[in-house]
Structure formats: C-alpha cells, structure tokens
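Undergrad: got a predicted structure plus its sequence, pasted below:
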Amino acid sequence: MFAIKTIDLTKKYKEKTAVDSLNLTVNKGELYALLGVNGAGKSTTIKMLSCLVPPTGGDALLLDSSVKKDSQKVKQRINVSPQETAVALKLSVRENLELIAGIYGFNKKESAEKAQKLIEKFDMHEIAKDRASTLSGGWQRRLSIAMALITDPEILFLDEPTLGLDVLARRELWAQIEKLKGKMTIILTTHYLEEAEALSDRIGIMAKGRLKAEGTVAELKGLAGTDDFEEVFVRIAGEDF
Amino acid sequence: MRTLIFASRNTKEILRDLITLIFGLGFPLVLMVLLSAINASIPESAAEATKLFQIQNLAPGISVFGLSFISLFSAMLISKDRTTSFILRLFTSPLKASQFILGYTLPLVPLALIQTAVCYIAALFLGLEINLNTLLAIVVNIPIALVFIALGLLFGTMFNEKAVGGICGALLTNLSAWFSNIWFDTALVGGWFETLSNLMPFVHAVMAARYAVSGEFSEIMPELWWVIGYAVILLCVSVAVFTVKMKRNK
C-alpha cells in the first residue's frame, strides 16, 4: 500500500524545469531518502508534496488525496520539519508545541497532553519553559522536529534535519528518527550521504529534476558497481549515468 | 478556533518584544507631555496660534499618531515570520489565508484600543476632561487603527524586516504626522499640501477624534467615512497581496 505516488509530477519556473515528470512511489511506513546535488529538484519536490507550491503538470497522491484537488485534506494528515529551524522564537518550548497542535485542530486539553508527551519523548523537561530563542541550535532543531510530530502525521517530511548540527547532536537526532521508523511514512532530504545510508529503507537519487535511480542501499551499490556509497552517489548523480 | 490560537501566538510575540512595545506606546506619550509643557509656557496672547497644542486638540491627535506604531508592530511580526522557516511550517498547516490575516489582525485591535485609552488617561493628568465623549473618541479611532493594521499587513507581506523598519518606523509615522493636522494646520500651508492631506485618511481621523472629544457629534461621520473607506480598501488589498504571496510561497 503506497503513502505517496507521484504521476508525471512537474514544476516549471518560466523556462526552467525544476522537477521533470517525476514518478515516485513511497510505501506506507517507509523511510525514503531523497538525495541530489543542489538544484536537483529535491526541495521543489518536497514543496509540491507538502502543498506549498502547486505542480505545473502531473499530480501527486498522498494517502489517496491529490495535492492539486484536496490540498486541505492532505495538509491535515502530513507535517513538515523545514530545512532551517522553524520555531516561534519568543514562545517557550511548551507553547510552540501547543501552538502547532492547536492549529491542527486539537483542543486545549489534547494539545497540552500531546505537548507533555513530546517533551518527555525528546527529553525536553528542563527546557520546557524556556523561550525557543534561548536554546542551542541542536535543541531548536529537536523542538522543530517535535513540532512536526505533535500532530501524529501519517507522512512526515524531514528537510535536511541535521544540517549545521555538530556530530553529537546529529547522532542524537538520528536516534530519534530511528525510533519513528515504521510508525509513519518519512521522506528525508539530506546532503549527508551517511545519514541516508544509516536511516533509509530506500533512497531516490535526483539530478536535473529527474529521478535517476532508486532502491535500497544495497541495490544502489549493485547498480553503480561499487561498495562506497559516496562513489555510488557521484556515479548516479553525475552526468553520464 | 485555529484563528484564535494563531492570534494568541501573535499577541505573545508582540507583547514579548518589549523594546518595540515601550517605544510604540511610550514615544507618543512623551511627545504629548513635552508639547503640553511647551504649550503651558506660551503666553495667553499667542494661545490662538497654538490651539492645536491645547490638550483637547492634542490628545486626539496624539492618539491617532500613536496608532501609526501599530503598523510597525504588525509589519515587523509578519516580515520576521516570512524571513524564517516558521512561515513555511504554517503554510503547510491547514491554516487558510483568511485565518492568517485574521490571526495577525485580531491581537492588534485590542492593543490599539488600549494604546488610545492610555493616551487619554495620560491626557487626564494634563488637564483633559474625561467623560463619555472620551469613550466615543476611543471608538472613533477603530477605523484608523484598522488602516494602520492593514498597512502593516501589506508592508510586512511585501518587504523584508529591514525595509519594514524604514517604511513603517520612519516613513509612515512621518506621513501620518505631516498630513494630519496634529502638529500644524495643513490649511496654513494650503495648495497641493492641503489637498493631499485631505485625500489621505490621517487628517480625517484626527478631526473625527477631535469632534468626538468636543461633543460635535454631527461632524464625526463625514470625517469618519473617509477613514472607513480607506480601512476597507486597504484590508482587502492586504488580504489579496498576502494570498498571492502565500500561493507563491514567498
């Protein structure tokens, strides 16, 4: 059963084609990593799938709802942790969590309970009352991901979740992401190849708006004829593949 | 419900920005106290020439001028949201464009009313007689408050944080000061300046508030219709621009 299915999904900005007839299927409960160099079309794909920008051609079905025709329905069932930390800086950790729960339609009591759960899950007890602006980059990123999780999304988009974090903070976030696997469908974009290799069930590699190859890490290694995943990426994302 | 939750967040963001808040609320009050002090030391023979600075004229003027800072509050809030990924998070949520606009507008209306009330309470200590007319004057300020809120929404949607500081913090406050009859009678300048002043909403808002304070009730609505017209048009334009920007994800 698929969670996401794109059908010739296309986005053009005037003459430039950012995403070109993308046909992609992501199964329910899968963690699917989307890799590509800058300008490959990953972010535009995520923007279309999360109903931020409308496609100029084709369509995408998320849990059987079209991003073109049923965007409100789609929005209610997904959540996004954007590339940069996306928190309300003058609100406390708890207030940020309750805000997002409220915006997605949960009542005050439910929002408070959900916020408490996430605070416990992400070990944020000691900083629950602190304003987001006073947190370190790592804690802000944790909060940002917790805000995406508070609505119990069926599909979660993690756009460069560990960008700019130190090694320890990155490993801690990996552990949190690992715990989510199987509970929801996750689309992960990242520039860290080892991140995709460690976390993903399947990986799609994009270049020039097109999906060049997809599969498990082992399948991609077989396809590229090398065991070095960086070399796999270079060969597939490169011009000649 | 979603709108109210979003509005509550915006209220917290505004109230927790203490520097902007103190400046926005305090600066008009300082001006009123200073001008009242200057007015008190002017000899009675010259009083006619400076009647604009008499508290019954000055307080309604300052109450309108003070509201220009509301534009700064709303524009800063939106432009800050726009420059962070926080707005992307909100755009991927089920919030609709109309709920965004209402959520940004709602916290500012009570803030504008409180600001006007604080201005009149301060004027009480400077000799203004407080009565039911004062309450009316506070209500009469609602349309101009909406004008300033709409301008803030518009500029905050169109420009970045730096530009907004200049446009709302300097340009708009100056425009609303010069073309408003608060500091000088625009009729004394005459010509295009007076015509332009009369085409803008500020002078009409100030006159409506003065008529409310002085109890000249029949004079209020002819002035206020101008301001209401501006409020409706500017709110519609700001909603339209915000909606377009939201769809373009900028």
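TA: Noted; the coordinates are in hand.

Undergrad: show me which positions of the helix or strand containing B:Val244 end up buried.
TA: Taking DSSP states H and E as the definition, one finds B:Val244 inside helix B:220-248. Residues of helix B:220-248 classed as buried by neighbour count (16 or more other Cβ atoms under 10 Å in any protein chain shown): B:220, B:223-224, B:226-228, B:230-231, B:234-235, B:238-239, B:242-243, B:245-246. All C-beta spots, glycine's among them, are computed from the backbone N, C-alpha and C.

Undergrad: repeat for stretch B:27-42
TA: Buried residues in stretch B:27-42, counted by 16+ other Cβ under 10 Å: B:28-29, B:31-32, B:35-36, B:39.

Undergrad: make JSON lines from the residues you listed and add distance to A:Glu113 and secondary structure to it.
TA: Output for these, formatted as JSON lines (distance: Cβ to Cβ, whole Å; DSSP: H, G, I helix; E, B strand; the rest coil):
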{"residue": "B:Pro28", "distance to A:Glu113": "44", "secondary structure": "helix"}
{"residue": "B:Leu29", "distance to A:Glu113": "44", "secondary structure": "helix"}
{"residue": "B:Leu31", "distance to A:Glu113": "49", "secondary structure": "helix"}
{"residue": "B:Met32", "distance to A:Glu113": "49", "secondary structure": "helix"}
{"residue": "B:Leu35", "distance to A:Glu113": "54", "secondary structure": "helix"}
{"residue": "B:Ser36", "distance to A:Glu113": "54", "secondary structure": "helix"}
{"residue": "B:Asn39", "distance to A:Glu113": "59", "secondary structure": "helix"}
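
Undergrad: A:Ile150: which of these is nearest?
TA: Using Cβ to Cβ, B:Pro28 is the member of the buried residues of stretch B:27-42 that lies nearest A:Ile150, at 40.7 Å.

Undergrad: enumerate the residues of chain B near chain A.
TA: For chain B, the contact set with chain A under Cβ under 8 Å from any Cβ of the partner chain comprises B:1-2, B:5-6, B:9, B:12-13, B:16-17, B:84-86, B:88-96, B:247-249.

Undergrad: and the buried ones among those residues, selectable in ChimeraX?
TA: The command below creates a ChimeraX selection of those among those that count as buried (16+ other Cβ under 10 Å):
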select /B:2,5,6,9,12,13,17,84,85,86,88,89,90,91,92,93,94,95
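
Undergrad: which strands and helices sit next to the helix holding B:Val244?
TA: In terms of contacts (3 or more Cβ pairs under 8 Å, 6 or more residues apart in numbering or on different chains; DSSP states H and E), helix B:220-248 is packed against helix B:97-105, helix B:132-140, helix B:142-158, helix B:201-214.

Undergrad: can I get those helices in JSON lines including mean pLDDT and mean neighbour count?
TA: JSON lines is the format used below for the helices and strands packed on helix B:220-248 (pLDDT from 0 to 100; neighbours: other Cβ atoms under 10 Å in any protein chain shown):
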{"stretch": "helix B:97-105", "mean pLDDT": "87", "mean neighbour count": "20"}
{"stretch": "helix B:132-140", "mean pLDDT": "93", "mean neighbour count": "18"}
{"stretch": "helix B:142-158", "mean pLDDT": "92", "mean neighbour count": "26"}
{"stretch": "helix B:201-214", "mean pLDDT": "94", "mean neighbour count": "26"}
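
Undergrad: which one is A:Leu163 nearest to, not counting chain neighbours?
TA: Here the nearest residue to A:Leu163 in space, its sequence neighbours aside, is A:Gln83; by Cβ to Cβ, 6 or more residues apart in numbering or on different chains that works out to 6.5 Å.

Undergrad: so what's that neighbour up against?
TA: A:Gln83 sits next to A:43, A:159-160, A:163, A:189, B:85 when contact means Cβ atoms under 8 Å, 6 or more residues apart in numbering or on different chains.

Undergrad: let's see 10 Å
TA: Contact criterion Cβ atoms under 10 Å, 6 or more residues apart in numbering or on different chains gives A:43, A:46, A:144, A:158-161, A:163-164, A:189, B:85, B:88 as the residues in contact with A:Gln83.

Undergrad: quick revisit: the helix holding B:Val244: how far from the chain's middle?
TA: 14 Å (Cα atoms, centre = their mean, to the nearest Å).

Undergrad: then stretch A:209-216?
TA: The chain centre lies 17 Å from the centre of stretch A:209-216; the measure is Cα atoms, centre = their mean.

Undergrad: and the pLDDT for the closest residue to A:Ala88 other than its chain neighbours?
TA: Leaving aside its sequence neighbours, A:Ala88 sits nearest to A:Asn96 (Cβ to Cβ, 6+ apart; 5.5 Å). Reading off the confidence values, A:Asn96 has pLDDT 96.

Undergrad: in terms of helices and strands, where is A:Asn96?
TA: In this assignment (DSSP H and E), A:Asn96 forms part of helix A:93-103.

Undergrad: mind putting the helices and strands packed on helix B:220-248 into a markdown table with distance to A:Glu172?
TA: Putting those into a markdown table (distance: least, Cβ to Cβ, whole Å) gives the following:
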| stretch | distance to A:Glu172 |
| --- | --- |
| helix B:97-105 | 34 |
| helix B:132-140 | 53 |
| helix B:142-158 | 36 |
| helix B:201-214 | 55 |
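
Undergrad: relative to B:Phe193, which of these is closest?
TA: Comparing these by their distance to B:Phe193 (Cβ to Cβ), the top pick is helix B:201-214, with 10.9 Å.

Undergrad: and the closest one with helix B:142-158, angle?
TA: For helix B:201-214 against helix B:142-158, the angle between stretch directions is 150 degrees (axes from the mean of the first three to the mean of the last three Cα atoms, to 10 degrees).

Undergrad: ok, back up a step: quick check: the farthest pair among the buried residues of helix B:220-248?
TA: Pairwise distances among the buried residues of helix B:220-248 were taken by Cβ to Cβ; the largest, 37.1 Å, belongs to B:Ile220 and B:Met246.

Undergrad: any idea how far A:Ala128 is from the residue nearest to A:Ala88?
TA: Noted for A:Asn96: a distance of 10 Å to A:Ala128, by Cβ to Cβ, to the nearest Å.

Undergrad: who are the contact partners of the nearest residue to B:Leu235 once chain neighbours are set aside?
TA: Ranked by Cβ to Cβ, 6+ apart and with sequence neighbours excluded, the top spatial neighbour of B:Leu235 is B:Ala150, at 4.5 Å. Taking Cβ under 10 Å, 6+ apart as the definition of contact, the neighbours of B:Ala150 are B:71, B:74, B:101, B:105, B:230-239.

Undergrad: now the strands: where do they sit in chain A?
TA: Remark: strands of chain A, listed N- to C-terminal, are A:2-13, A:16-27, A:31-36, A:57-62, A:65-66, A:78-81, A:155-159, A:185-189, A:202-207, A:210-215; assignment by DSSP state E.

Undergrad: this completes my enquiry, with thanks.
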